[in-house]
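> starting from these lines, generate the structure:
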Amino acid sequence: MKRDTQTRIVREYLKNWIIDHHLSSGDSLPPETEIAQELTISRGSVREAVKALESLGIVEVRHGEGLFVRDTNLDPLLEVFTFGSHFDSSLLAELLELRTWLETAVIGDVVKKTSELHLKEIILSLSEWEKDLKEGILHTKDDQRFHRSLYKILGNQTLLHLLAVFWTVFENIGIEDIRRDPTPMETWEEHRAIYEAVLKHDKKGARKAILKSNSHVMERIRKVRSQRDVHLKEGGGNGID
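Predicted structure coming up:
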C-alpha cells in the first residue's frame, strides 16, 4: 500500500479504537509497535498517523509513557486563527463579532443562574485585575479571567473553549496597536458594570454593558484595518508589521 493510504488506515484505526473502547481523556492507547503489528503496516506510517492526530488535538504522545487520548480542545482552530490573524486583521474582527454574539446570547442564562458563590468569584477577578492596574501591570489575562468567571456558571466547557480561542489569538497577534489598551481603567469599569448588572439580575443592562465593552476593542481593530488600507494604497506592501 502507498504510505498515505497506510497513514489514513492507522488514523481511522485509532479513532475507532477510542470510540469502540469508550475511552476518555487521559486513557492510554496501544503502543505504536503493537498497532504496526496488528495492521501489518510500517512503524513509519504509524508515526505519521499519530502526528496527524496530534495536530488535530485527538491524541498526545507522552515521551517514555506512550500514547494517550487528549482532552477536548480546539487546538486546530486555534492554530489556523492565530496564523491567519497575523496578516488578516479582518479575521480578528470576525472573531470578536462571534464572541459578542455568543456573550450577549448567553448572558441572560448567566443572570438567571447566578449565585452568591458565583458573584464572589466575579468580584474576586475584578479585585485582582484592579490590583494589577494599580501596580502598572497591563495584561489581557485579567480580562480573560473575568469572562471565564462570568460564564463558568453555565457549565458549558465548549463555550469556555470557544471564548479562549479569541483570547489566545488576541494575545498572540503581532499588531501592537490592537493589543494595547489605551484606557485600561475605563475597560475595568466597563467590566465592573457587567458585574453590577448581573448582581441586579438586569439582563438588558448586562447585554448593554457587554456590547459597550466589546465595541471599544472593535474600534481598535477597525482603526488598524483603516491604516492598513491607506498603507496598501500608497504602495507600502501587503501586510501589517
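> which residues of the protein fall in strands?
Along the chain, counting by DSSP state E, strands occupy 59-62, 66-69.
> what's the domain layout of the protein?
Domain assignment for the chain by automatic domain parsing gives 3-69, 75-233.
> redo these as a markdown table? Include mean pLDDT.
Conversion of those to a markdown table gives the following (pLDDT from 0 to 100):
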| stretch | mean pLDDT |
| --- | --- |
| domain 3-69 | 88 |
| domain 75-233 | 86 |
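> so can I have CSV of these showing mean neighbour count?
The C-beta positions use only the backbone N, C-alpha and C, and glycine is treated the same way. Shown next, in CSV, are the domains of the chain (neighbours: other Cβ atoms under 10 Å):
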stretch, mean neighbour count
domain 3-69, 15
domain 75-233, 16
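> for T100, which of the strands of the chain is the nearest?
Nearest of the strands of the chain to T100, taken as Cβ to Cβ: strand 59-62 at 32.7 Å.
> just checking, what packs against the closest one?
Counting contacts by 3 or more Cβ pairs under 8 Å, 6 or more residues apart in numbering; DSSP states H and E, strand 59-62 packs against helix 43-55, strand 66-69.
> quick one: contacts of it?
14, 29, 50, 53-54, 67-70 (Cβ atoms under 8 Å, 6 or more residues apart in numbering).
> apply 10 Å and report the result again.
Residues outside strand 59-62 that contact it (Cβ atoms under 10 Å, 6 or more residues apart in numbering): 11, 14-15, 18, 25-26, 28-29, 32, 47, 49-54, 66-71, 73.
> can you give me the helices for this structure?
Along the chain, the stretches classed as helices by DSSP state H are 3-20, 32-39, 43-55, 75-85, 89-113, 116-134, 140-151, 157-172, 176-179, 184-199, 203-233.
> can you redo those helices as CSV with distance to V61?
Below are these laid out as CSV (distance: least, Cβ to Cβ, whole Å):
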stretch, distance to V61
helix 3-20, 12
helix 32-39, 9
helix 43-55, 6
helix 75-85, 14
helix 89-113, 30
helix 116-134, 35
helix 140-151, 29
helix 157-172, 22
helix 176-179, 33
helix 184-199, 40
helix 203-233, 37
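> rewinding a little: so for S127, which of the strands of the chain sits nearest?
S127 sits nearest to strand 59-62 of all these, at 35.9 Å, using Cβ to Cβ.
> partners of that closest one in the sheet?
The partner list of strand 59-62 in its sheet, established with DSSP bridges, is strand 66-69 (antiparallel).
> rewinding a little: adding distance to D109, write the helices and strands packed on strand 59-62 out as CSV.
Below are the helices and strands packed on strand 59-62 laid out as CSV (distance: least, Cβ to Cβ, whole Å):
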stretch, distance to D109
helix 43-55, 34
strand 66-69, 30
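> appreciated, that's everything.
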